[in-house]
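A.B. asks: give me a 3D structure for the following:
(chains A, B, C and D)
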Protein chains: 2
Amino acid sequence: MKISAHEEYGLRCLVQLARAEVDAESLTLNQIADREGLSVANAGKLMWVLVKAGLVQSQRGANGGYTLARPASDIRLNEVIRILDEDTVDRFCKTHAGVLDACIHTSDCGIRPVIVGLHEIVQNALSEITLAELIGSEENVDARLHQIQKLQSPLRPMRSAH
Amino acid sequence: MKISAHEEYGLRCLVQLARAEVDAESLTLNQIADREGLSVANAGKLMWVLVKAGLVQSQRGANGGYTLARPASDIRLNEVIRILDEDTVDRFCKTHAGVLDACIHTSDCGIRPVIVGLHEIVQNALSEITLAELIGSEENVDARLHQIQKLQSPLRPMRSAH
DNA sequence: AGCATTCCTTACTTTTTCGTCAAGTTTAGA
DNA sequence: TCTAAACTTGACGAAAAAGTAAGGAATGCT
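C.D. replies: Residues are numbered from 1 along each chain as shown, chains lettered A, B, ... in the order given. You can find the predicted model right below:
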């Protein structure tokens, strides 16, 4: 259960754009790559994904650059992650079926809902955070995260099934 | 934000052992591999990780096999995932620092707490589920997951920082 | 004791993912 | 129109993950 390089880098680039938005500036590819320690080519490919998804606007030519398509306060992290994931969505049992062609658990599978449910939980948590909230100081972001986490109340155990 | 093959397969094997525990039986490697559609070699490697971590007990020789080291109702999924992750833990900014040696955000980073916080949220959700709860019917497991998800109350927005 | 069964361990091959390079296309300004 | 800045795209090579194979060691049964 880890976050991929694509996801993290994409998120970082968006945060840079969110910071630039405060001053109504646009960022060039070189600026973004520099600030995030990425190669220009890699950052370019990453930005293209975000542009294609409609999250970022690009302006070509001299004095061009990238800007957020919407205010940072309107962009929620679940949308960002969904875009950067893209391909990994929709393959639950299908890809991890092992040697078999079809999932061996098609009839009554205890694993599938766990996989799906976990993704839902993560998406749910992410939808509570906007890009704008990430440009604050580290302490603020940290506090925000723990605020979300605390609200997961303790649960009554479920009766054993069978 | 996806689950690796290791994690899913490992979880599946544990569920098989949990089912066998109900009848106080032990499962051989071939049985596990068969039921999960994995190659024997691959399942063997997987089981070895679980044995080493103390989650599973193994008995060599004729009539040998694998059994859970503890009752399934005592094994929570966060522990399972943590074991199967192992190597991916503890590398937040460090591994994804891009071209640079050190994280470019060491001073005041908005991304790091997000990465860490997300893992905590996932671990939190997982700690509410035990292996025993996964051997029920698919509907029960699904209901259980949504029960957890529902308890994430809506949050008040955090004031913008700066 | 010897044999069959089963787990344990190491090394290797295949596949996927990640990152980079290089060439091409579009735009803005002099 | 010409030039430079900037984005776009596809192909390539390196690194990591996933899966495979084979030999070794322990246990129980006859």
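
A.B. asks: only C-alpha atoms from now on, for both contacts and neighbour counts.
C.D. replies: Fine.

A.B. asks: packing partners of the one helix or strand A:Asn124 maps to?
C.D. replies: Remark: A:Asn124 resides in helix A:112-126, with elements defined by DSSP states H and E. Packing partners of helix A:112-126 (3 or more Cα pairs under 8 Å, 6 or more residues apart in numbering or on different chains; DSSP states H and E): helix A:77-85, helix B:112-126, helix B:138-150.

A.B. asks: now do it and helix A:77-85, the angle between them.
C.D. replies: If you take axes from the mean of the first three to the mean of the last three Cα atoms, to 10 degrees, helix A:112-126 sits at 120 degrees to helix A:77-85.

A.B. asks: touching DNA strand D at all, helix A:112-126?
C.D. replies: No: applying Cα under 7 Å from any atom of the strand, one finds helix A:112-126 separated from DNA strand D by no less than 14.8 Å.

A.B. asks: CA-only coordinates of that helix in CSV, if you can.
C.D. replies: Extracted as CSV, the C-alpha positions of helix A:112-126 are listed here (Å, rounded to 0.1, in the frame of the first residue of the first chain):
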residue,chain,number,x,y,z
ARG,A,112,-12.2,-8.1,-3.3
PRO,A,113,-14.3,-5.9,-1.1
VAL,A,114,-11.3,-5.2,1.1
ILE,A,115,-9.3,-4.0,-1.9
VAL,A,116,-12.1,-1.9,-3.2
GLY,A,117,-13.1,-0.7,0.2
LEU,A,118,-9.6,0.4,1.1
HIS,A,119,-9.4,2.5,-2.0
GLU,A,120,-12.7,4.1,-1.1
ILE,A,121,-11.5,4.9,2.4
VAL,A,122,-8.4,6.5,1.0
GLN,A,123,-10.3,8.5,-1.6
ASN,A,124,-12.7,9.6,1.1
ALA,A,125,-9.9,10.9,3.3
LEU,A,126,-8.2,12.6,0.3
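
A.B. asks: just the strands in chain A please.
C.D. replies: Using DSSP state E, the strands found in chain A span residues A:56-59, A:65-68.

A.B. asks: now for A:Arg76: which residues touch it?
C.D. replies: Going by Cα atoms under 8 Å, 6 or more residues apart in numbering or on different chains, A:Arg76 touches A:126-131.

A.B. asks: lowest confidence element among the helices and strands of chain A?
C.D. replies: Least confident helix or strand, chain A: helix A:138-150 with a mean of 68, by mean pLDDT, DSSP states H and E.

A.B. asks: find the closest residue to DNA strand C in chain A.
C.D. replies: At 3.1 Å from DNA strand C, A:Gly61 is the closest residue in chain A, using Cα to the nearest atom of the strand.

A.B. asks: what about that residue, how many residues close to it?
C.D. replies: A:Gly61: 7 surrounding residues under other Cα atoms under 10 Å in any protein chain shown.

A.B. asks: how far away is it from chain B?
C.D. replies: Separation of A:Gly61 from chain B (Cα to the nearest Cα, to the nearest Å): 27 Å.

A.B. asks: so which elements touch the longest helix along chain A?
C.D. replies: Ordering each helix of chain A by length in residues (DSSP state H) puts helix A:5-22 first. Packing partners of helix A:5-22 (3+ Cα pairs under 8 Å, 6+ apart): helix A:29-36, helix A:40-52, strand A:65-68, helix A:77-85.
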